[in-house]
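Chemist: okay, predicted coordinates and the sequence, questions at the end:
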Amino acid sequence: MIETVGGAILIAFMRICDVTIGTFRTITVVQGRKYQAAVAGFFEVLIWIFAMRYIVQHLDNIYNLIGYALGFSLGNILGISLEEKVALGYVQVNIISPHKSEVIAKILREKKFGVTILPAEGKSGELSILIAIIKRKFLQDLMKTVEAIDKRAFITIQSSRPYRGFIHGSRV
């Protein structure tokens, strides 16, 4: 019985590892980081092959199959959680605050966020759109700053992949 459960735990652990690595690999592929994606892919597949080898050798054990599925599920949770902590890459934050755009831009710039102000027109008239392209690891700080000034600001966040140049005045 110990070997039966031990094998299932081993498989679950291997799946947690390879799916977690796979989450990072997927993000690096999307961000165009081909060498990091290749290294991650190597270890992801290597671990997966060892897990599959063990499962195929012990197909009669239902616990191994449950361990495989459990490891996959937990690997997704762990991979996404770790990626949120590491916060690879950049995001573009668009902020629309009908009455406090200038204040938000001023304070964000004081905090070393690069902000571009674009004139715009909405249903209720003229307004400004603030655009900041920042490293994802600074997103929570930017969001807290904006929300402290205007809790009703309309904010969108999208992944960004800078092509060339630099982000003037931005944090390092």
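Modeler: Cool, the structure landed.
Chemist: from what I see, Cys17 and Leu78 are in contact.
Modeler: No - Cys17 is beyond contact range of Leu78, at 9.0 Å (criterion: CB atoms under 8 Å). For every residue, glycine as well, the C-beta is placed using N, CA and C.
Chemist: more neighbours: those two, which one.
Modeler: For Cys17 versus Leu78, neighbours defined as other CB atoms under 10 Å are more numerous around Cys17 (20 against 16).
Chemist: and the pLDDT for the more buried one?
Modeler: Predicted confidence (pLDDT) for Cys17: 95.
Chemist: now do the same contact list for it.
Modeler: With contact set as CB atoms under 8 Å, 6 or more residues apart in numbering, Cys17 has these partners: Ile47, Gly75.
Chemist: the longest strand along the chain: how far from the chain's middle?
Modeler: Among the elements of the chain assigned as strand by DSSP state E, the one spanning the most residues is strand 125-135. Computed by CA atoms, centre = their mean, to the nearest Å, the separation of strand 125-135 from the middle of its chain amounts to 22 Å.
Chemist: got the CA coordinates for that strand in CSV?
Modeler: Backbone C-alpha positions of strand 125-135 (Å, rounded to 0.1, in the frame of the first residue of the first chain) are rendered in CSV as follows:
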residue,chain,number,x,y,z
GLY,A,125,-17.0,65.7,-23.6
GLU,A,126,-13.3,66.1,-23.5
LEU,A,127,-11.0,64.0,-21.3
SER,A,128,-7.6,62.6,-21.1
ILE,A,129,-6.2,59.0,-21.4
LEU,A,130,-3.1,58.3,-19.4
ILE,A,131,-0.9,55.6,-20.7
ALA,A,132,1.9,54.0,-18.7
ILE,A,133,4.0,51.1,-19.9
ILE,A,134,5.6,49.5,-16.9
LYS,A,135,7.3,46.3,-15.7
